[in-house]
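Asker: predicted model and sequence below, questions to follow.
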Amino acid sequence: MKARLVYGGLAAAYYMSWAWFAGVGMVLNLLCLPLLLLPHRERLGAAVRGMIRGVFLAWLWWFQVSRCLRIGWRGFDTSFAPRTIYIANHPTLLDATFLLARLPDTICIIKPSLMRSPAIGPVALLAGYAAGETDVDLIRSVAGKVVAGRSLLVFPEGTRTESGTRLGTLKPGYALIAERAHAAVQLIVICASADLVPRGRPWWRPPSILPARAEFTLDRRWEYDPARRTRDLTVEVERRLSEVLASS
């Protein structure tokens with residue numbers, strides 16, 4: 001009986017976190033919508049990214065203080081170099097928001113459908129996020145933003161990891177962007193509870209065991225090397241990520 005009451009309380013906190021996130025997100029996007037009409041709106045990018053980081057930090061704080069999610073960070077007490085391509089596996093819907101809360105001045109690539117959504121699109125556009133599949137125009141555009149001083153968060157799987165698997169097929173777009181921008185690639189390994197909103201599980205179904213778990217580890221870094229082929233980099237990254245996930 002006590003265990004059920006504890007789970008019920010944690011599940012209520014889980015639902016409250018989503019309600020808070022949806023409410024704040026709606027307000028921010030409504031406020032940002034008219035700003036899209038301003039000339040030179042790209043000048044607002046740094047301020048909007050800072051605002052997004054603050055919102056995600058508050059959301060992260062709520063998950064921790066409510067104890068419905070235990071979050072661990074390894075290696076994140078270091079200083080972060082600018083113009084870095086951060087890549088990570090993608091086991092849960094929450095990992096992108098948590099990483100954007102901890103990584104300074106970082107943009108990401110999102111699905112075009114999300115960029116068109118009035119609940120996400122206005123803020124994402126003002127923040128300078130990119131949308132699209134891995135094509136030449138996207139690679140050129142994002143590489144230019146990295147050269148300008150921003151970092152980039154990429155999930156090479158392209159979508160959340162399929163439930164019941166450790167890692168999907170990695171796409172090479174991040175390596176092409178790193179090569180064009182002469183940027184370093186930093187691997188982040190994420191381990192999370194199996195049912196913490198993986199692909200195929202709706203957000204409104206809380207994990208079967210609460211508190212759930214998520215751990216983020218700043219792993220290996222590959223500095224830019226003009227002599228290294230893109231294919232060699234992708235093979236090294238996939239091998240390293242597979243090894244770490246297999247041992248976790």
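Answerer: That came through fine.

Asker: quick one: residues in contact with the helix or strand of the chain with the lowest mean pLDDT.
Answerer: Lowest mean confidence among the helices and strands of the chain (mean pLDDT, DSSP states H and E): helix 112-115, at a mean of 81. Residues outside helix 112-115 that contact it (CB atoms under 8 Å, 6 or more residues apart in numbering) are Ile120, Gly121, Ala124, Leu125, Tyr129, Ala131, Gly132, Glu133. Placement of C-beta: from N, CA and C, glycine included.

Asker: repeat that for 6 Å
Answerer: Contact with helix 112-115 is made by Ile120, Gly121, Ala124, Ala131, Gly132, as judged by CB atoms under 6 Å, 6 or more residues apart in numbering.

Asker: buried ones in it?
Answerer: Met115 (16 or more other CB atoms under 10 Å).

Asker: show the subsequent helix or strand relative to that helix.
Answerer: helix 121-127 (DSSP states H and E).

Asker: which other helices and strands does that following helix contact?
Answerer: On a contact count with 3 or more CB pairs under 6 Å, 6 or more residues apart in numbering; DSSP states H and E, helix 121-127 meets helix 2-32, helix 45-66.

Asker: next, the angle helix 45-66 makes with the first one.
Answerer: Read it as helix 2-32. 160 degrees (axes from the mean of the first three to the mean of the last three CA atoms, to 10 degrees).

Asker: the residue nearest the centre of the chain and Tyr129, how far apart?
Answerer: In the chain, the residue lying closest to the centroid (CA atoms, centre = their mean) is Ala96, at 2.1 Å. Per CB to CB, to the nearest Å, Ala96 is found 11 Å from Tyr129.

Asker: show me what the nearest residue to Ala81 once chain neighbours are set aside is bridged to.
Answerer: Closest residue in space to Ala81, ignoring its immediate chain neighbours: Ala184 at 6.9 Å, by CB to CB, 6 or more residues apart in numbering. Following DSSP bridges, Ala184 is listed with bridge partners Thr84.

Asker: distance of Ala184 relative to Ile190?
Answerer: 19 Å.

Asker: higher neighbour count, these two?
Answerer: When Ala184 and Ile190 are compared on other CB atoms under 10 Å, the one with more neighbours turns out to be Ile190, at 22 against 17.
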